[in-house]
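1. Okay, here's the prediction I keep looking at, along with the sequence it came from:
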Amino acid sequence: MPRQYRTSFRAYAAWNYQKELEDLNRASDQGWQLVRGGCFHSRFVKNPAIRYRYQLDYGPIEDMGRYIETFREQGWEYINSTFNGWHYFRKLYDPSLPEEEYEIFTDRESFHEMNNRWARLALIIGCLLGLCALFFAVRVLIPAPNLPRLIQVLTLLAESLVLIRGALIMRNPDEVRRRKESGLFLALFFAVVFLGAGSSIALESLRPDYYTEQGATSVEAPIHDNRWMVFQVTYPDRYYLDLDIEAEKPLTFAVLDGDGTPVYEVTETDFHEKDLALRLSPGSYSMSMSCESGFHLTTRIE
């Protein structure tokens, strides 16, 4: 009879790894034995003739051979390790033995040590993400706010808060055991992360990003209501205009909506500004200029 395999696509919070162990043990009781554990998916083989109890350990290992041998001497079979430092073990299940036989940590100090290893890493990463969110907000979002940047900051903050929360929970193993962490919370977290990253990238790609440079000599002037660079705005937001004007006589520059009404207008001979904020609604826009003499004009809208 051919061997049957299946792959389970489930993610677990590190501070709720007990839920993963419960699911692995339940799968084993149903005849599905783990052959490779993973962060987001695990591989099983159908074998109802045996039953296992599973355990997880976490941390960097200097001597992997000695590490595996230590657990083997205690009756644990090594399965595999994940890229982020989790190690899967299993032991044949005998219902006549007490449940304590299937605890990978024989003393409370070891259990605390394992939890604290993950908690330290999560706290460091969570704080770094929080600092990145603060830095991005101060250097980019506040000076030139727009919707994609706001989503990016909120996504970083959500990741930071969840990791810090998880680190605090892991520092209290008793709380981990009492807390029945809902899979809905983890699903919501990943939804926020992926939707936040995806929506900010999508919204950024829909923003106009056009650069133009033009000029004329006094012989080619005057120029009246010369329109160019039609661009589309797909969602309401702040958009930013870089504008450089050098003209012999006053030059009038304008950003016009689809009806030809100026949403921004300036008349200058020497003008250099970056990140002029324009609140634009969805629709078609164009740029216009009028000048009585020679000029050099550089514009960028994003």
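-> Now that the structure is in, tell me what you want to look at.
2. What is the neighbour count of residue 269?
-> The local packing of residue 269 (other Cβ atoms under 10 Å) involves 14 other residues. The C-beta positions use only the backbone N, C-alpha and C, and glycine is treated the same way.
3. my guess is it meets residue 250, correct?
-> Yes. Using Cβ atoms under 8 Å, residue 269 makes contact with residue 250 at a distance of 5.5 Å.
4. Can you give me the neighbour number for the closest residue to residue 42 other than its chain neighbours?
-> Spatial nearest neighbour of residue 42, chain neighbours left out: residue 8 (5.0 Å); criterion: Cβ to Cβ, 6 or more residues apart in numbering. By other Cβ under 10 Å, 16 other residues sit near residue 8.
5. I'd say residue 9 and residue 40 touch.
-> Yes. Between residue 9 and residue 40 there is a contact at 6.5 Å, judged by Cβ under 8 Å.
6. The two: which is more packed in?
-> Higher neighbour count among residue 9 and residue 40: residue 40, with 11 against 8, using other Cβ under 10 Å.
7. and the residue nearest to the more buried one when sequence neighbours are not counted, which of the three is it?
-> Take residue 40 and drop its neighbours on the chain: the residue closest to it by Cβ to Cβ, 6+ apart is residue 11, 5.2 Å away. Under DSSP: H, G, I helix; E, B strand; the rest coil, residue 11 falls in the coil class.
8. what about residue 11, neighbour count?
-> Neighbourhood size, residue 11 [other Cβ under 10 Å]: 14.
9. again, but for the one 4 residues further on
-> The criterion is other Cβ under 10 Å. On that basis, residue 15 has 26 neighbouring residues.
10. Which stretches in the stretch 51-200 of the chain count as strands?
-> Here the stretch 51-200 of the chain has its strands, by DSSP state E, counting those that start in this stretch, at 52-58, 77-81, 86-92.
11. can you pull out the helices in the stretch 1-150 of the chain?
-> For the stretch 1-150 of the chain, helices defined by DSSP state H, counting those that start in this stretch occupy the ranges 17-29, 64-73, 108-136, 147-170.
12. give me phi/psi at residue 48?
-> Main-chain dihedrals, residue 48, degrees, to the nearest 10: phi -80, psi 0.
13. Please renumber the chain so that the first residue is 3 from this point on.
-> Okay, using 3 as the starting number, the last item reads as residue 50.
14. Relative to residue 46, how far out is the spatially closest residue to it that is not a sequence neighbour?
-> Closest residue in space to residue 50, ignoring its immediate chain neighbours: residue 33 at 3.3 Å, by Cβ to Cβ, 6+ apart. Going from residue 33 to residue 46 by Cβ to Cβ, to the nearest Å gives 9 Å.
15. now residue 243
-> Between residue 243 and residue 46 the distance is 57 Å, computed by Cβ to Cβ.
16. what sits against residue 206?
-> residue 150 (Cβ atoms under 8 Å, 6 or more residues apart in numbering).
17. which SS class is it?
-> Secondary structure, three-state DSSP: residue 206 is helix.
18. For it, give me the pLDDT.
-> pLDDT, residue 206: 93.
19. Also the one 3 residues further on?
-> Each residue has a pLDDT score; the one for residue 209 is 94.
20. For it, which non-adjacent residue is spatially closest?
-> residue 304 (6.2 Å).
21. distance of residue 126 from residue 154?
-> Going from residue 126 to residue 154 by Cβ to Cβ gives 21 Å.
22. Who has more neighbours out of these two?
-> The neighbour count for residue 126 versus residue 154, taken as other Cβ under 10 Å, is higher for residue 154 (23 against 12).
23. surely that one meets residue 202?
-> Yes. The pair residue 154 / residue 202 is scored as a contact, 4.9 Å apart, by Cβ under 8 Å.
24. And the residue most central in space within the chain, how far from residue 135?
-> In the chain, the C-alpha nearest the mean C-alpha coordinate belongs to residue 195, at 4.5 Å (Cα atoms, centre = their mean). Note on residue 195: its distance to residue 135, by Cβ to Cβ, is 13 Å.
25. do residue 43 as well
-> Distance of residue 43 to residue 135, given as Cβ to Cβ: 29 Å.
26. I am finished for the moment; much appreciated.
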